[in-house]
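Colleague: The following block contains a protein sequence and its predicted model.
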Amino acid sequence: MRVLALDASTKTGWALFVDGQLAESSELAPVHVEHFNVNDRNTQNSEWYPYNIVVAADDVCAGIEALVHVKKPDIVIVENTNKGKNRHTQRVLEFIHYAVLKMLRSRAQRMKYMDSSEWRQIMGLAATKEDKKQNAKLNKAKRSAEAKGVKLDKKALGIKGTITVKHRAVRMANEKYGLKLKQKQNDQADAILMGQAYVNRSQGK
């Protein structure tokens with residue numbers, strides 16, 4: 001079975017699994033949100049708003065349709081959207097998902113959604129004791145710096161920043177598949193792990 005996993009957004013990450021094994025993964029050429037102004041606080045003042053969001057969604061969908069055409073998956077797994085704080089970002093994500101769903105339906109393509117919480121649980125993407133220890137150390141240092149009215153020196157503490165679920169996803173993808181993904185490629189890591197989670201579940205693992 002050919003499983004295509006998608007983290008659909010303006011920077012779509014994808015991963016293809018063939019017979020349960022990761023065959024390839026990458027990202028589609030990103031739709032530059034600056035051009036479409038969808039993340040700008042003044043987006044409503046844009047001359048093209050809200051039609052720029054429709055254009056962005058259509059561009060992302062066109063890239064995904066070309067990918068589906070080339071990879072010929074038996075099923076497409078798409079990460080469900082989560083409620084975000086930025087309503088403009090949320091709107092463009094929902095437009096993208098609508099466009100992609102409509103396109104897949106027109107191709108009679110099998111498709112299923114997976115919640116991010118579901119695939120993360122299947123893959124065991126919880127914070128390690130070391131992650132929790134480092135985050136606690138950072139939070140303590142932040143509170144101390146604020147109380148003293150000084151700037152926090154992360155470098156002196158040997159800490160880069162808070163370890164989030166995105167950091168853990170990149171780390172797991174790199175460790176599991178021998179990859180060298182950078183943190184900015186977290187969409188690709190998410191797609192890989194979501195695809196693996198679907199394969200594991202379908203195989204009863």
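Modeller: On my side now, so go ahead. Numbering: from 1, shown residues only.
Colleague: where along this structure do the strands fall?
Modeller: 2-7, 13-18, 21-27, 75-79, 111-114 (DSSP state E).
Colleague: which residues touch the residue nearest to residue 19 when sequence neighbours are not counted?
Modeller: For residue 19, ignoring the flanking residues on the chain, the nearest one in space by C-beta to C-beta, 6 or more residues apart in numbering is residue 1 at 6.6 Å. C-beta: built from backbone N, CA, C; applies to glycine. Residue 1 makes contact with 17-20, 74-75, 202 under the criterion C-beta atoms under 8 Å, 6 or more residues apart in numbering.
Colleague: Per-residue pLDDT of residue 1, please?
Modeller: pLDDT recorded at residue 1 is 95.
Colleague: ok, now residue 141?
Modeller: Taking residue 141 on its own, its pLDDT is 87.
Colleague: what does residue 40 give?
Modeller: Note on residue 40: pLDDT of 52.
Colleague: Residue 123 versus the residue nearest to residue 19, what's the distance?
Modeller: Distance, residue 1 to residue 123, by C-beta to C-beta, to the nearest Å: 19 Å.
Colleague: now swap in residue 90 and tell me
Modeller: Distance from residue 90 to residue 123, by C-beta to C-beta: 25 Å.
Colleague: So which of these two has more stuff around it?
Modeller: residue 123 (19 against 14; other C-beta atoms under 10 Å).
Colleague: excluding its backbone neighbours, what's nearest residue 110?
Modeller: In space, residue 110 is closest to residue 75, 4.3 Å off (C-beta to C-beta, 6+ apart).
Colleague: my guess is the one you found meets residue 113, correct?
Modeller: No - Residue 75 is not in contact with residue 113 according to C-beta atoms under 8 Å; the separation is 11.5 Å.
Colleague: pLDDT below threshold where in this protein?
Modeller: For the chain, residues meeting the criterion pLDDT under 70 lie at 33-47.
Colleague: Identify the residues contacting the residue lying closest to residue 119 once chain neighbours are set aside.
Modeller: Spatial nearest neighbour of residue 119, excluding adjacent residues (C-beta to C-beta, 6+ apart): residue 197 at 3.7 Å. Neighbouring residues of residue 197 by C-beta under 8 Å, 6+ apart: 114, 118-120, 122-123.
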